[in-house]
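Visitor: what follows is a protein structure lacking sequence information:
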Ligand SMILES: [Ca+2]
Ligand SMILES: [Ca+2]
């Protein structure tokens, strides 16, 4: 009996200790289900082209990741967005709605990216509740999957372009309503993304 009690106390302590050690995180988007023009807000301009597809071979969370394949011209641009208040209403498909998230409990965004070691840059934008776009630059200087930690404090308001309707107050107003990837690597490229999370990194 004494031994059993010892085991129980040990397990309880292990559980409590284990929980306190694991970083707090919240999965927002694992890119599951159909990924198409109905569920992803994506497009390109000025001679560039982009395709969005499911990749069931390359994945980190769940059953699949989101694969983008594109051809970016030097004068072109493109975007791939998921979240709320976008033109594509079906892209509002996070695991948790923005208004239900305790944003103050997290200090970073985390995303898994399958890199191609091109030494180029992929921009990750957050659109705040006033429609203002905030940018973080991800270096594609690795091959295969890597978790990219993007501290929210390191996002900066985009100076190259903002939506006409945005409240350009240079304050990151919560809740964040959507995120988008904008590759800045020219030519033909392919990337996969998975496990878009909020995390609290100490
Ligand atoms: Ca997934
Ligand atoms: Ca703002």
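Guide: Yep, it's here. In this text the structure is predicted, and so the values were computed from the model without any measurement. Ligands and ions are numbered 1, 2, ... in the order given.

Visitor: name every strand pairing with the longest strand belonging to the chain and say which way it goes.
Guide: For the chain, the longest strand by residue count, based on DSSP state E, is strand 187-199. Paired strands of strand 187-199, with direction, are strand 25-29 (antiparallel), strand 65-72 (antiparallel), strand 108-116 (antiparallel) (DSSP bridges).

Visitor: can you give me the helices in this protein?
Guide: Secondary structure of the chain by DSSP state H: the helices cover 2-21.

Visitor: flag every residue of it that's near ligand 1.
Guide: By CB under 5 Å from the ion, the residues of the chain that approach ligand 1 are 30-31, 61-62, 194. C-beta here means a position set from N, CA and C on the backbone, and glycine is covered the same way.

Visitor: got a pLDDT number for residue 168?
Guide: Listed pLDDT for residue 168 reads 98.

Visitor: just give me the neighbour total for it.
Guide: 15 (other CB atoms under 10 Å).

Visitor: before we move on, what about residue 93?
Guide: Neighbours of residue 93 (other CB under 10 Å): 18.

Visitor: this structure: strands as residue ranges?
Guide: So, for the chain - with DSSP E - the strands run 25-29, 41-45, 49-55, 65-72, 77-83, 108-116, 120-127, 133-140, 143-151, 156-157, 178-183, 187-199.

Visitor: for residue 146, give the beta-bridge partners.
Guide: Applying DSSP bridges, one finds that residue 146 bridges with residue 113.

Visitor: wait, it sits on residue 116?
Guide: No. Counting by CB atoms under 8 Å, residue 146 sits too far from residue 116 to count as a contact (11.3 Å).

Visitor: which neighbours do the two share?
Guide: By CB atoms under 8 Å, 6 or more residues apart in numbering, residue 146 and residue 116 have no common neighbours.

Visitor: tell me what residue 198 is bridged to.
Guide: Here residue 198, judged by DSSP bridges, has bridge partners residue 26, residue 109.

Visitor: quick one, what contacts it?
Guide: 25-26, 28, 101, 103, 106, 108-110.

Visitor: what's the separation between residue 144 and ligand 2?
Guide: For residue 144, the distance to ligand 2 equals 35 Å [CB to the ion, to the nearest Å].

Visitor: surely that residue is in contact with residue 113?
Guide: No. Applying CB under 8 Å, one finds residue 144 not in contact with residue 113, separated by 9.6 Å.

Visitor: coming back round to it: closest to ligand 2 out of the residues of the chain next to ligand 1?
Guide: residue 31 (26.5 Å; CB to the ion).

Visitor: what about the residue nearest the centre of the chain, distance to residue 109?
Guide: The C-alpha lying nearest the average C-alpha coordinate of the chain belongs to residue 196 (CA atoms, centre = their mean; 4.0 Å). As judged by CB to CB, to the nearest Å, residue 196 and residue 109 stand 7 Å apart.

Visitor: overlap in contacts, the two.
Guide: Joint contacts of residue 196 and residue 109 (CB under 8 Å, 6+ apart) are residue 179.

Visitor: want to throw the strands paired with strand 187-199 into a markdown table with mean pLDDT?
Guide: Listed next are those as a markdown table, based on pLDDT from 0 to 100:
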| stretch | mean pLDDT |
| --- | --- |
| strand 25-29 | 98 |
| strand 65-72 | 97 |
| strand 108-116 | 97 |
